[in-house]
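In: Okay, sequence plus prediction incoming.
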Amino acid sequence: MRNLFPNAKLAGVLALAGLSLIAMASPAAASAPASATAADASDPLFAQPYVDIDEWRDAPVRHRYVHGGFRGTDTRFSFYLPPEAQYQGRFFQHLTPAPDNENLAQREPAGETNKIQFAISSGGYFVETNGGGPASGGFGSKEPSIGAYRANAAAARYSRVVAMQMYAGAYAGKRPYGYVYGGSGGAYRTVGSFENTRGVWDGAVPYVLGSTMAIPNMFSVRMHAMRLLDGKFPQIVDAVEPGGSGDPYAGLNAEQAAALREVTRMGFPTPSWFGWKTMGIHGFAALYGGVVMADPGYFTDFWTKPGYLGHDHPESFAGARLQHKGVIAAALTGAQAAQLSLNTRIVNGRNDGGVDKSYAALQGEAAQAIVAYRLGTTPPAVPFLGGDLLVMSGAAKGARLTVSKVLGDVVVLGIADPALAAKIAPGDEVQVDNSNFLAAQTYHRHQVPGPEFKVWDQFRGADGQPIYPQRPMLLGPAFTKATAGSLPEGDWSGKMILVESLWDREAMPWQADWYRQKVIAHQGARTDGNFRLWYTDHALHGDQATQLEDPTRTVSYLGVLHQALRDLSAWVERGVAPPQSTRYRIADGQVIVPATASARGGVQPVVTLAANGKARANIAAGQTVTFTGTIAVPPGAGSVIAAQWDFDGAGTFPITSPVPRGARTVTVRMTHRFAAPGTYFPALRGISQRQGDATTPFARIQNLGRVRVVVQ
């Protein structure tokens, strides 16, 4: 492509952007000798950027698309810059949970989830990268700092060069403000990026952040409860639903009650067990191999040494442990699995905890990859959360492949090397074994960290020492450092708004407070001037706009995230302080917030609902119930823009009540007749927006209230 930037002007722009001279070149020109360019003063590895695409596009909104990379690296970037009339001197940069692709945002549908559209509507341009490439980050990476923050920082710096060349008028020659954000693993990377650099980003919004002890412990304790409480979740969920008994322990035996108490004290939000049928083991599917690699001895010690559940109480695993020996009858490709209607969580033909897809969607090489095996005999049915396929003979003898499901006589692979999977052939002797996955379920007991992690107090004796044998190392910090580049310490320069979900099963909510304490340790009296923590009630881990599990129980936190980014920019650029942090307390691992909007604070509205004046209404078929709801917005957080009703549990909220424009508190009433017997959970969803704009797709902040109606 042609060079759009005259060299004379470029030198001044680079100086203002904090860079020395950088050559703009096509990939061919980028092969020029190093003397033809000068280094990025902050990171010599990214000394020579190039641009290979520079064009105007109209979708999802009008923008200039600039794509390129850095010579000598695998780092690639994409910049999406608005027309000058829409630019207000800032950029937003999203970090994925792991190094991914630099073109993700342009694949998003237009609307509230589209990051390009949000950035431009918020007066900025959008930046995304591939994080240095798939091999540049994560556990076992040779140089994790590249994927953790260095590649993203280099792209952020260089984006300023492009922007300062492009924009004239009021922003001519002015350094763009920069804001970085990311969720889950991206939250680790956001914190690591903000803590390990200075002057790259002016503010950060990590969301659904974990602690240094999250991995793999937040998954292991959940899996332990899932095994022991299988069959009991309907009554547990019913107890904590509106109008329920309030006692989730009723009807549990001693072992089951202990498992529920253990996972609750570790921070799992009890109402979030409503998803027990579909939530699975989530990220542990991807983490399992790393745990085995880091601590292989644990999986033997668990069954053979005192102090471990497998040795001390083998009866706990009666009917749960599978060690089935068999012979491969057939290897199944993705295409063959599609014919057998084998559906599982797959990406590129392998299970990795991603979204549910059908093998029928696979094409090309992926359709021909081995994804499952049919055995000559059918393994016994056991509660199966995951396991291994141990190869006892044949070309792959000695191999161990992860199994995600056992469906009759078919074992479905989890994350597996396609080349290794292809070596396993009919006639090979194998063993399907879930012993390691069972052992992993109490790994957290043998990973007791320092006293600042209060949720582990249940595993300490009166003397403060662990009551179970401890492993040689804590794995959580190693996984965290591989993702973030360092351990989070709360030491940064700028401003931050942390967004966390109160019903999060993966990043259990107390972990946001853990990081807040780190910030306070460094910021002290300056904390309130630089930091906010906003909790979102009824929200899960994912940042989807639509809550697919059950939209009558949960809401999207996307509007809170949007508002956090906008408030952050106003805070940094104009000194406009955002609404105060959410007020809360922590008791036995559970984050508890006040019942009213004025007492709770933050930015999310509080919704209350009553059926005939109570949390539960018992009626006869054909009778009508009167519902009264209140939607209250915290101080400084905007006004109510919508009140939406769902009476049949479909989650479509088709009925609306009018709300007065600009009102911070709204009371709505509705009647509904229930014709058929059954138990219903009607819901009222309230939505607020800072400017009271009911038409915008952005910064629409949701919450809901629910009641129980029992129709005899």
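Out: Yep, it's here. Residues are numbered from 1 along each chain as shown.

In: just the strands in the stretch 51-200 of the chain please.
Out: For the stretch 51-200 of the chain, applying DSSP state E, counting those that start in this stretch gives strands covering 63-70, 76-81, 90-95, 124-129, 177-183.

In: Make JSON lines from those and add distance to Ala318, mean neighbour count and mean pLDDT to it.
Out: C-beta: built from backbone N, CA, C; applies to glycine. Converted to JSON lines, these look like this (distance: least, CB to CB, whole Å; neighbours: other CB atoms under 10 Å; pLDDT from 0 to 100):
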{"stretch": "strand 63-70", "distance to Ala318": "56", "mean neighbour count": "22", "mean pLDDT": "98"}
{"stretch": "strand 76-81", "distance to Ala318": "53", "mean neighbour count": "25", "mean pLDDT": "98"}
{"stretch": "strand 90-95", "distance to Ala318": "45", "mean neighbour count": "27", "mean pLDDT": "98"}
{"stretch": "strand 124-129", "distance to Ala318": "50", "mean neighbour count": "28", "mean pLDDT": "98"}
{"stretch": "strand 177-183", "distance to Ala318": "40", "mean neighbour count": "26", "mean pLDDT": "98"}
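
In: Dump those strands into a markdown table; add distance to Thr624 as well.
Out: Converted to a markdown table, the strands of the stretch 51-200 of the chain look like this (distance: least, CB to CB, whole Å):
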| stretch | distance to Thr624 |
| --- | --- |
| strand 63-70 | 52 |
| strand 76-81 | 52 |
| strand 90-95 | 48 |
| strand 124-129 | 50 |
| strand 177-183 | 43 |
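
In: Any idea which of the ones you listed gets closest to Gln336?
Out: Closest approach to Gln336 among the strands of the stretch 51-200 of the chain is made by strand 76-81 (35.6 Å; CB to CB).

In: and that closest one, what does it pack onto?
Out: When contacts are defined as 3 or more CB pairs under 8 Å, 6 or more residues apart in numbering; DSSP states H and E, strand 76-81 sits against strand 63-70, helix 115-121, strand 124-129, helix 151-166.

In: partner residues bridging the nearest residue to Val448 once chain neighbours are set aside?
Out: Excluding its sequence neighbours, the residue lying closest to Val448 (CB to CB, 6 or more residues apart in numbering) is Pro466, at 4.2 Å. Pro466 forms beta bridges with Arg460, as assigned by DSSP bridges.

In: what about Pro466, how many residues close to it?
Out: Neighbourhood size, Pro466 [other CB atoms under 10 Å]: 17.

In: can you check Val371 too?
Out: Count around Val371 with other CB under 10 Å applied: 30.

In: Report the beta-bridge partners for Lys495.
Out: Beta bridges link Lys495 to Gly203, judged by DSSP bridges.

In: hang on, Thr483 packs against Arg189?
Out: Yes: counting by CB atoms under 8 Å, Thr483 does reach Arg189; the two are 6.2 Å apart.

In: and the residue nearest to Val448, what does it touch?
Out: Each residue near Pro466 by CB atoms under 8 Å, 6 or more residues apart in numbering is listed here: His446, Val448, Phe459, Arg460.

In: Buried only: go through those for me.
Out: His446, Val448, Phe459 (16 or more other CB atoms under 10 Å).

In: Just name the closest of these to Ala440, please.
Out: His446 (10.7 Å).

In: Touching, that closest one and Tyr298? I think so.
Out: Yes: the pair His446 / Tyr298 is scored as a contact, 7.1 Å apart, by CB under 8 Å.

In: Report the set of residues contacting both of these two.
Out: Here His446 and Tyr298 share the contacting residues Arg471, scored by CB under 8 Å, 6+ apart.

In: who's in contact with Ile120?
Out: Per CB under 8 Å, 6+ apart, neighbours of Ile120: Val61, His63, Tyr80, Pro82, Gln86, Phe126.

In: typed the wrong thing, it's Ile467
Out: Contacts of Ile467 by CB under 8 Å, 6+ apart are Phe459, Arg460, Gly461.

In: can you check Trp56 too?
Out: By CB under 8 Å, 6+ apart, the neighbours of Trp56 are Arg62, His63, Arg64, Tyr65.

In: Same list (those residues) but as JSON lines, adding distance to Ala294.
Out: Listed next are the contacts of Trp56 as JSON lines, based on distance: CB to CB, whole Å:
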{"residue": "Arg62", "distance to Ala294": "49"}
{"residue": "His63", "distance to Ala294": "44"}
{"residue": "Arg64", "distance to Ala294": "45"}
{"residue": "Tyr65", "distance to Ala294": "41"}
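
In: hey, where'd the helices end up in the stretch 201-350 of the chain?
Out: Secondary structure of the stretch 201-350 of the chain (DSSP state H, counting those that start in this stretch): helices at 217-228, 233-240, 254-265, 284-294, 298-304, 309-312, 334-339.

In: most packed of those helices?
Out: Ranked by mean neighbour count, the helices of the stretch 201-350 of the chain are led by helix 217-228 with a mean of 24 (mean count of other CB atoms under 10 Å).

In: helices and strands around that one, which ones?
Out: helix 254-265, helix 284-294, helix 435-440.

In: Looking at those helices, spot the one closest to Gln689.
Out: helix 254-265 (34.7 Å).
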